[in-house]
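Student: The following block contains a protein sequence and its predicted model.
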Amino acid sequence: MHQKRRDPLLLGIDTGGTYTDAVLYSEPAGLVAKAKALTTRHDLAEGIAAAVEAVLSRAEVEPAEIGLVSMSTTLATNALVEGHGGRAGLVMIGFSEADLKRDGLGAALGRDPVIFLKGGHDVHGNERPLDLEPLAAWLDRVAPTVGAIAVCAYFAVRNPTHEIVVGGAIRASTGLPVTSSHELSSRLGGPRRALTTLLNARLIFLIDRLIAATKGFLDDRGITAPLMVVRGDGALISAAMARARPIETILSGPAASLVGASHLTGLDHAIVSDIGGTTTDIALLSDGRPRLDPEGAVVGGWRTMVEAVAMRTYGLGGDSEVSLEEGALDARLRLGPRRLVPLSLAETLFPGRIVPELERQLRQPQAGRLDGRFVWSTGLPERFSAGLAEAERRLFERLSPTPQPLDRFLGSNVELATLQRLVSHGLAQVCGFTPSDAAHVAGRQFTWNLEAARLGAALFARRRDGRGEPLAGNAETISERVLTSLTRRSAEAVLETAFAEDGLDISPGHPLVQKALDGQPGIARLSLSVDRPVIGLGASARLHYAGLTNLLAGECILPDHLDVANAIGAVAGQVRMVVEAKVTQPRAGLFRVSAGAEIRDFPEEDDALAFAEERARALVASRAAEAGAEGAEISVSWVLETADVDGMRLFVEGTVSAIAAGRPRVAG
């Protein structure tokens, strides 16, 4: 008979762009078992179920032994890097159209609908009249075409009343998910707060699908343990909180990898480089903790207000698109930032659909620009295609659930741009030659179909450079060039991160940097190194980072279990919540406290400060409990701004920060 373990087991899950990882971890014993399965984007439950079933089987574990389930994911990060996400509406209260030009808000909004309502508050939280009349007609028009609504009001961090009123009206009228800016950030800067809120609204359906798939599988399997999600700063939050605030899961996977890297190596100071299928994420460990970005996370070119690890994310991975830089006489390989499904994987998923078409294309006398490319539908529900333009709709209706070669699917270059928009909406997947295929051809990876990889490499090798010469003589030669290029670009990314951390505005493409990396001889001998080891993580790190030591003239550590570091980090973290309360002085003798949704005035400074601290403690304790913490410890700090005028002290502003931290609740 199976004997139940004394200590509950922790189940860690990481859902990446290519693989879903699962680990079983015991706090006394460490890693018990690990497993991988392909991420199934059309139905995330399939990949999650396959990985979890495999790890449970290997460890011979009963569902009752699982005390906690925690997951990290790169889905939100990848969506912003690749320009994916659902269509969302934006309600701006108290702003003007001119504000769309600030902080990249207009570029991020693109063709998504926006409305400007009169209202908002001033810096002290005093109300400007709210005009709701235009909202109803706008909602009637746009609600059927969007998946969520973002609401941002002027100075909502000082008084969120108008966001609460408008959000309630939208929910009552449409039933759509609503994201309000004051729920995500307490920092000033309306346009960037609106940008963060818009991105959150776009991500809701992605994270909701992931959590629903995970919970559905766990329920079916009889696993009743609490479900947590890794936040972008490495802390854990409950699944319910992640569903409402998915923007906080950007950099979730990379943050988990930092926690996992520290746990696997015991190092307190290191550069951590995590290479996945879609992205490479690089950050610093200092004093055993991930360094956070005080300005807010930058992902996909957007500066958000989300507190997250100071991570630099590059569109560079094993599944990066391999292409050529335009306009160069000498052929220069370009990797990423788009992710493609590798040809070797596509033939494995759809046997007999890829190889015959590649053979047909290879028989053609001339190389075609669409050779080696395929497309198929992702299988998202029909409602996610709402709001498509007519040309997009026509192309979408021609997609099938099985691969079609692009040279026969597309009729013009215009349709190629239209297809890319469908990919950006998450409605289509494109397949092509990637470093993963090159690794198969080079005999360094054996996961998927070798013949599809070889044919794809051969097609790419016969493409022409600016002089009209073939790129390479055979599939093996071009594959080695791709792999060498990926290692070199990885080294450049590490150096770019190091330069940025040192405050140096130096591009890794600078001739002196390139000379140092090439080891070129000269009277002036140049070399570059970093002051701490590089920890390489990711399933393909041993392949792509083997040459980093020579390029960076320093130690590159590839620890055991580097392939599941994110999943390990997902169960090694703790819940950490921060709440701020503000005290301002709108006029002499009046002290106003803004704490969450509560606004209260006091005639005395001491009374206002005491109430602000009391509310901050109560709010952070409540949010920590909502986030899944058990017995969280609370610490409080104050920042008081005063001025000296003619020898008299003048109160300007006070900010109390309350932090609650603790391990998540564990069943059993």
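Tutor: Ah, there it is.

Student: and R187, how many residues sit next to it?
Tutor: 15 (other CB atoms under 10 Å). The way it works is simple: take the backbone N, C-alpha and C, and place the C-beta from them, glycine included.

Student: That one and V306 touch, don't they?
Tutor: No: checked against CB atoms under 8 Å, the pair R187 and V306 is beyond contact range at 10.5 Å.

Student: Name the residues of the helix or strand harbouring G106 that are buried.
Tutor: Assignment of secondary structure by DSSP states H and E places G106 within helix 105-109. Applying a neighbour-count criterion of 16 or more other CB atoms under 10 Å, one finds 105-106, 108-109 buried in helix 105-109.

Student: Then stretch 131-142?
Tutor: Neighbour-count burial for stretch 131-142, counted by 16+ other CB under 10 Å, picks out 135, 139, 142.

Student: can you redo these as CSV with pLDDT and secondary structure?
Tutor: CSV is the format used below for these (pLDDT from 0 to 100; DSSP: H, G, I helix; E, B strand; the rest coil):
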residue, pLDDT, secondary structure
L135, 94, helix
L139, 94, helix
V142, 90, helix
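
Student: Including distance to F155, could these go into TSV?
Tutor: Shown next, in TSV, are the buried residues of stretch 131-142 (distance: CB to CB, whole Å):
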residue	distance to F155
L135	20
L139	24
V142	25
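
Student: from those residues, which is closest to T18?
Tutor: V142 (34.7 Å; CB to CB).

Student: residues in contact with the residue lying closest to that closest one once chain neighbours are set aside?
Tutor: For V142, the nearest residue in space outside its immediate sequence neighbours is P113; the separation is 4.3 Å by CB to CB, 6 or more residues apart in numbering. The neighbours of P113, taking CB atoms under 8 Å, 6 or more residues apart in numbering as the test, are 89-90, 138, 141-142, 145-146.

Student: hmm, back to that, I'd like the average pLDDT over the helix holding G106.
Tutor: What helix 105-109 shows for mean pLDDT is 83.

Student: Show me what the helix or strand that comes right after it packs onto, helices and strands only.
Tutor: Counting by DSSP H and E, the next helix or strand C-terminal to helix 105-109 is strand 114-117. Judged by 3 or more CB pairs under 8 Å, 6 or more residues apart in numbering; DSSP states H and E, strand 114-117 is in contact with strand 88-93, helix 133-142.

Student: Give me the neighbour count for I354.
Tutor: 28.

Student: So that it lines up with my notes, have the first residue be 54 from now on.
Tutor: Shifting the count to begin at 54 puts that one at I407.

Student: For the residue nearest to it when sequence neighbours are not counted, pull up the helix or strand it's in.
Tutor: Closest residue to I407 apart from its sequence neighbours, by CB to CB, 6+ apart: E400 at 4.1 Å. Here E400, judged by DSSP H and E, is contained in helix 396-402.

Student: tell me what that helix is packed against?
Tutor: So helix 396-402, by 3+ CB pairs under 8 Å, 6+ apart, packs with strand 481-485, helix 488-494, helix 503-514.

Student: Other residues contacting the helix holding G159?
Tutor: 143, 152-153, 244-245, 247-248, 251-252, 355.

Student: Filter the residues you listed down to the ones in helices?
Tutor: 244-245, 247-248, 251-252 (DSSP state H).

Student: and the most centrally placed residue in the chain, what is it in contact with?
Tutor: By CA atoms, centre = their mean, the mean C-alpha position of the chain lies nearest to T130, the distance being 1.5 Å. By CB under 8 Å, 6+ apart, the residues touching T130 are 303-307, 332, 334, 352, 366.

Student: Please give the three-state secondary structure assignment for it.
Tutor: With DSSP: H, G, I helix; E, B strand; the rest coil as the basis, T130 sits in helix.

Student: what about it, distance to W501?
Tutor: Note on T130: its distance to W501, by CB to CB, to the nearest Å, is 24 Å.

Student: Now find how far off-centre stretch 118-130 is within its chain.
Tutor: Put simply, stretch 118-130 sits 14 Å off its chain's centre (CA atoms, centre = their mean, to the nearest Å).

Student: Export that stretch to PDB, keeping only CA atoms.
Tutor: What follows is stretch 118-130, C-alpha atoms only, in PDB (Å, rounded to 0.1, in the frame of the first residue of the first chain):
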ATOM      1  CA  GLU A 118      -0.300  14.600  -0.900                       C
ATOM      2  CA  ILE A 119      -0.300  17.900  -2.800                       C
ATOM      3  CA  GLY A 120      -0.500  20.800  -0.400                       C
ATOM      4  CA  LEU A 121       0.100  23.700  -2.700                       C
ATOM      5  CA  VAL A 122       0.100  24.400  -6.500                       C
ATOM      6  CA  SER A 123       2.000  27.400  -7.800                       C
ATOM      7  CA  MET A 124       2.500  28.400 -11.400                       C
ATOM      8  CA  SER A 125       4.600  30.800 -13.400                       C
ATOM      9  CA  THR A 126       4.000  31.700 -17.000                       C
ATOM     10  CA  THR A 127       5.600  33.600 -19.900                       C
ATOM     11  CA  LEU A 128       2.200  34.000 -21.700                       C
ATOM     12  CA  ALA A 129       1.700  37.600 -20.700                       C
ATOM     13  CA  THR A 130       5.300  38.500 -21.400                       C
END
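
Student: Mean confidence (pLDDT) on that stretch, please.
Tutor: Per-residue scores along stretch 118-130 average to 85.

Student: Report all helices and strands that the longest strand along the chain contacts.
Tutor: Taking DSSP state E as the criterion, the chain has its longest strand at strand 701-715. Packing partners of strand 701-715 (3+ CB pairs under 8 Å, 6+ apart): strand 628-640, helix 658-679, strand 686-698.

Student: Remind me what the second one packs against, helices and strands.
Tutor: When you say that, I think you mean helix 658-679. strand 628-640, strand 643-648, strand 651-655, strand 686-698, strand 701-715.

Student: CA atoms only: put that helix into PDB for me.
Tutor: The C-alpha coordinates for helix 658-679 follow below in PDB (Å, rounded to 0.1, in the frame of the first residue of the first chain):
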ATOM      1  CA  GLU A 658      -1.900  66.300  11.300                       C
ATOM      2  CA  ASP A 659      -1.200  63.600  13.900                       C
ATOM      3  CA  ASP A 660      -4.800  62.200  13.700                       C
ATOM      4  CA  ALA A 661      -4.500  62.000   9.900                       C
ATOM      5  CA  LEU A 662      -1.100  60.300  10.100                       C
ATOM      6  CA  ALA A 663      -2.400  57.800  12.600                       C
ATOM      7  CA  PHE A 664      -5.500  57.000  10.500                       C
ATOM      8  CA  ALA A 665      -3.400  56.600   7.400                       C
ATOM      9  CA  GLU A 666      -1.200  54.000   9.100                       C
ATOM     10  CA  GLU A 667      -4.100  52.200  10.600                       C
ATOM     11  CA  ARG A 668      -5.800  51.900   7.200                       C
ATOM     12  CA  ALA A 669      -2.600  50.900   5.400                       C
ATOM     13  CA  ARG A 670      -2.100  48.100   7.900                       C
ATOM     14  CA  ALA A 671      -5.600  46.900   7.600                       C
ATOM     15  CA  LEU A 672      -5.600  47.100   3.800                       C
ATOM     16  CA  VAL A 673      -2.300  45.300   3.400                       C
ATOM     17  CA  ALA A 674      -3.400  42.500   5.800                       C
ATOM     18  CA  SER A 675      -6.600  42.100   3.800                       C
ATOM     19  CA  ARG A 676      -4.800  42.000   0.500                       C
ATOM     20  CA  ALA A 677      -2.200  39.500   1.700                       C
ATOM     21  CA  ALA A 678      -4.900  37.200   2.900                       C
ATOM     22  CA  GLU A 679      -6.700  37.600  -0.400                       C
END
